[in-house]
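[1] based on what follows, work out the 3D shape:
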Amino acid sequence: MGLLQDKVVLVNGGSQGVGAAVARAAAREGAIVAVTGRRPEPGEALVAELVSAGAKALYVQADLSDAQQALSSVAEVVAALGRVDCLVNSAGLTARGSLLNTTPELFDAHIAINLKGPFFAMQAVVADMLARKAPGTIVNIGSNCAHGGPPHLAPYSTAKAGLAGLTRNAAHAHRWDRIRINGLNIGWTATEGEDATQRAFHGAGDDWLEEAARRLPMGRLGQPDEIADFVVLLLSDRSGVVTGSVIDWDQNVIGAQD
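    Model prediction:
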């Protein structure tokens, strides 16, 4: 029996990066997996991969920056699979912007994807759990930028700080419903999206990953599969009664300094 045996796990932003790693880990642990994403090609390819490995999986096309799509995607999963037992919000936008050069449009995009989408996905999932009088678990993928972040990630840090507050607020509100809600503030992670970001915003070359790794204490960036294993633990009963925790998952120690 896997840690998530026969649980219906919805992974928002699950077609690539950390989300795809979570979907694979959940399927490995016996879950029925639904993933959302804006682009059908990677989402359908991931589902085909999971199904070929023996899992039951579903792809739902959705842009989580649109609150109505966040709500309707949950409804579609419930209609197809009967329920949602676990939710992971991993969709994210990391486009650069400082306090001085962020446009209202960029700010709104960060809030929409990194905060509003998770809010309304949680709203729909918790409503489903309450209607069934069933317990459940939610994990929000945040960022250590929630603690402040670098100057070039001002709107991103703002949105992720909001997500950390939302995680705690919702966990407190629904603790007596036995719905556990936790967050994971991840650090610098080696994903397809990070590769594109480094090239687009920082002029990085093909060796950027090796150069970055040399500047980090553990000699490498965080790995999506490691994060996914941690997320699965938080979703599962093996994490016990913990709720309202926003855990810093990084190799740099927040608040410490040389």
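
[2] need the per-residue pLDDT for T243.
    In the prediction, the pLDDT value recorded for T243 is 98.

[3] where does V125 land in three-state SS?
    When the structure is reduced to helix, strand and coil (DSSP: H, G, I helix; E, B strand; the rest coil), V125 reads as helix.

[4] quick check: phi and psi at the closest residue to it other than its chain neighbours.
    Taking Cβ to Cβ, 6 or more residues apart in numbering as the measure, V125 lies nearest to L87, with 4.5 Å between them; neighbours along the chain are not counted. To be clear about C-beta, it is placed using only N, CA and C from the backbone, and glycine gets the same treatment. Per-residue torsions, L87: phi -130, psi 140 (degrees, to the nearest 10).

[5] I figured L87 was touching L10, is that so?
    Yes - with contacts counted by Cβ atoms under 8 Å, L87 reaches L10, the gap being 5.1 Å.

[6] of the two, who's got more company?
    Looking at L87 and L10 with other Cβ atoms under 10 Å, you find the greater number of neighbours at L10, namely 33 against 29.

[7] so what's the gap between the helix or strand where that one lies and the chain middle?
    The secondary structure element spanning L10 is strand 8-12 (assigned by DSSP states H and E). From the chain centre to the centre of strand 8-12 is a distance of 10 Å (Cα atoms, centre = their mean, to the nearest Å).

[8] where's the residue nearest to V125 relative to D177, distance?
    Applying Cβ to Cβ, to the nearest Å, the value for L87 to D177 is 14 Å.

[9] tally of neighbours for the residue nearest to M1 when sequence neighbours are not counted?
    In space, M1 comes closest to G30 once its chain neighbours are excluded; the distance is 6.7 Å by Cβ to Cβ, 6+ apart. Other residues near G30 number 15, with proximity taken as other Cβ under 10 Å.

[10] over to V22?
    In terms of burial, V22 registers 31 neighbours under the definition other Cβ under 10 Å.

[11] quick one: Q16 and T191 touch, right?
    Yes - contact criterion Cβ under 8 Å: Q16 and T191 qualify, at 7.3 Å.

[12] over to L184. Which of the three states is it?
    strand.

[13] do I have it right that it meets W249?
    Yes - checked against Cβ under 8 Å, the pair L184 and W249 is within contact range at 5.1 Å.

[14] quickly note the distance from the nearest residue in space to G187 that is not next to it in sequence to P217.
    Distances taken as Cβ to Cβ, 6+ apart put D250 closest to G187, at 3.1 Å, once the chain neighbours are dropped. In this structure, D250 lies at 10 Å from P217, with Cβ to Cβ as the measure.

[15] hey, where'd the strands end up in the chain?
    8-12, 32-37, 57-61, 86-89, 136-143, 179-186, 246-249 (DSSP state E).

[16] any chance of the ones you listed in a markdown table, plus distance to A26 and mean pLDDT?
    Converted to a markdown table, those look like this (distance: least, Cβ to Cβ, whole Å; pLDDT from 0 to 100):
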| stretch | distance to A26 | mean pLDDT |
| --- | --- | --- |
| strand 8-12 | 4 | 98 |
| strand 32-37 | 5 | 98 |
| strand 57-61 | 10 | 98 |
| strand 86-89 | 8 | 98 |
| strand 136-143 | 11 | 97 |
| strand 179-186 | 14 | 97 |
| strand 246-249 | 17 | 96 |
